[in-house]
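Student: Quick one: sequence and predicted model below, then my questions.
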Amino acid sequence: MIELQEIEKVYQSKHQKVVGVDNVSLNVNKGEVYGIVGYSGAGKSTLLRCMNILERPTSGAVLVGGVNLLTLPPKALRTARQSIGMIFQGFYLVASKTVFENVAFALKAAGIDKASRKNRVVELLELVGLSDKINHYPAQLSGGQKQRVSIARALANNPKVLLCDEATSSLDPSTTKSILALLKKINKELGITIVVITHEMEVVKEICQRCAVMQDGRIIEEGPVYDIFSDPKEELTKNFIETVLQFSLPEKLLESCKGTLVKLQFRGKLAEEAIVSDMMQGFQVSGNILHGKVEYIQDAPLGIFIMELNGSKEEVEKAIAYLEDRVKQVEVIQDGI
């Protein structure tokens, strides 16, 4: 649905050249939710705005539905943009207009007649759960409700693509979950391709099928979200994953442990099997789970545990070898004393 080919965006001032996006190529499949994650200044929002030519790339090609937007004349580009909705962190609602008028504005700009506009607005507000706020003004709405209006407005012209630029960054955790659930519903029921820009890995875990990690204008890692979480390659990606999984142990606990500390990662159905208990029954070792949890990513379980193994060196080594035969990743993080 979206194909970026060697996109570069350079900002040139009198005294210096700043590269915002540095030779990025990627494909977003039709009907998927694709995440782009990175810290501030990584270039992710600039890349997103290149997708609908709010930022015109310095070089490269932007294909949406097979059409290179950079080759279109102004009128054709405006028409093409109607198939690309966009929502922002700041909502950008018109304070002097009601919820109805804010959503209807996009339809009016597209030349839709008054009766059709009314029917479409009512339909959209029902979709986003705001039918009872139709005559309210933005000042009367919560942050989550404002974002729902923004989403309704972005969907007004039946877009094929929805671009989300840090759409939940200013919302509290509970409201964020509700907005992400709405975006998942829109993706599933309407089949709209969604691109999500965020600096929060929790958002990626919750809603995206695939994602890319950006740093200094480049994509440094990309793949299915489950694979990114279970086997990150780059240090930055690992840092992002740790913000969700949080598996560091207190220093005092580490100092008090006399046995061998092992970190285990279980992928898929292995996360639900009794591998650890089988290991402890099969070898002369005792174990103590110090930290552990099972996360569900795209409905597939990913289990990560840190445990202490006690016993003779030979039995502990046998137990670890047994685990390595059955578990995706086994890492000895501290040898026994």
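Tutor: It's in.
Student: From here on, just use CA atoms for contacts and neighbour counts.
Tutor: Noted.
Student: what's the closest residue to residue 329 other than its chain neighbours in contact with, if anything?
Tutor: Sequence neighbours aside, residue 265 is the residue nearest to residue 329 in space, at 5.1 Å (criterion: CA to CA, 6 or more residues apart in numbering). Neighbouring residues of residue 265 by CA atoms under 8 Å, 6 or more residues apart in numbering: 230, 302-305, 327-330.
Student: and if we set it to 6 Å?
Tutor: 303-304, 328-329 (CA atoms under 6 Å, 6 or more residues apart in numbering).
Student: Filter the residues you listed down to the buried ones.
Tutor: 303-304, 329 (16 or more other CA atoms under 10 Å).
Student: Now those in JSON lines, please, with extra columns for distance to residue 210.
Tutor: Output for the buried ones among the contacts of residue 265, formatted as JSON lines (distance: CA to CA, whole Å):
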{"residue": "303", "distance to residue 210": "20"}
{"residue": "304", "distance to residue 210": "21"}
{"residue": "329", "distance to residue 210": "22"}
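Student: In strands, which of those residues fall?
Tutor: Among these, the ones falling in strands (DSSP state E) are 303-304, 329.
Student: pLDDT added to the residues you listed, as CSV?
Tutor: CSV is the format used below for those (pLDDT from 0 to 100):
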residue, pLDDT
303, 80
304, 83
329, 81
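Student: and which of the residues you listed is nearest to residue 312?
Tutor: Set against residue 312, the nearest of those by CA to CA is residue 329 (22.7 Å).
Student: State the distance from that closest one to residue 297.
Tutor: Going from residue 329 to residue 297 by CA to CA, to the nearest Å gives 17 Å.
Student: Over to residue 313?
Tutor: Applying CA to CA, the value for residue 313 to residue 297 is 36 Å.
Student: what stretches of the stretch 1-150 of the chain score poorly on pLDDT?
Tutor: For the stretch 1-150 of the chain, not a single residue meets the criterion pLDDT under 70.
Student: For it, just list every one of the strands.
Tutor: 2-12, 17-28, 33-37, 59-64, 67-68, 84-88 (DSSP state E, counting those that start in this stretch).
Student: Generate TSV for the ones you listed, with distance to residue 293 as supplementary columns.
Tutor: TSV is the format used below for these (distance: least, CA to CA, whole Å):
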stretch	distance to residue 293
strand 2-12	36
strand 17-28	31
strand 33-37	24
strand 59-64	40
strand 67-68	45
strand 84-88	33
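Student: Out of those, the one nearest residue 188 is which?
Tutor: Taking CA to CA, strand 33-37 is the member of those nearest to residue 188, at 9.8 Å.
Student: Give the partner strands of that closest one in its sheet and their orientations.
Tutor: Partner strands for strand 33-37, per DSSP bridges, with pairing direction: strand 193-198 (parallel), strand 210-215 (parallel).
Student: can you confirm residue 261 is in a strand?
Tutor: Yes. According to DSSP: H, G, I helix; E, B strand; the rest coil, residue 261 belongs to a strand.
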